[in-house]
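Participant: no letters, just coordinates:
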């Protein structure tokens, strides 16, 4: 599960994917388990939920390069694109509204575009979190 955003700009609506990952880590009782993984240039925490082992990932790159971290982690943890969930902001959704999207285009989102390019696939599931338009 990758929370897309701009690592240096935490707390902004554009980095809501990382905030969702922080909350998920807290709910799964692994919030203290984040560690910097230089191999994929990301903060990583391992968790278990409903019989699944999860790799939680917060790239330490700008949004348009998040895919490099996601692709590196996929290789390290032997994950296929269809195993990956991207959590990212969506300007076209009202603040706080969420939707799940299975595959498809990036719809103008630079972080998703970066992931599609780096993974050579658009098969990732996406949790789109509405941030509204300014």
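Facilitator: Nice, I can see it. Everything quoted here is computed from the prediction, not taken from an experiment.
Participant: quick check: residue 70 touching residue 3?
Facilitator: No. Using CB atoms under 8 Å as the test, residue 70 is too far from residue 3 to be in contact (10.3 Å). All C-beta spots, glycine's among them, are computed from the backbone N, C-alpha and C.
Participant: between those two, what contacts are shared?
Facilitator: Common contacts of residue 70 and residue 3, defined by CB atoms under 8 Å, 6 or more residues apart in numbering, comprise residue 57.
Participant: for residue 32, see how far away residue 98 is.
Facilitator: Distance from residue 98 to residue 32, counting by CB to CB, to the nearest Å: 26 Å.
Participant: between those two, which is the more surrounded one?
Facilitator: For residue 98 versus residue 32, neighbours defined as other CB atoms under 10 Å are more numerous around residue 98 (12 against 8).
Participant: please name the bridge partners of that one.
Facilitator: residue 129 (DSSP bridges).
Participant: show me the contacts for it.
Facilitator: 127, 128, 129, 130 are the contacts of residue 98 under CB under 8 Å, 6+ apart.
Participant: same question, residue 11
Facilitator: Residue 11 neighbours (CB under 8 Å, 6+ apart): residue 19.
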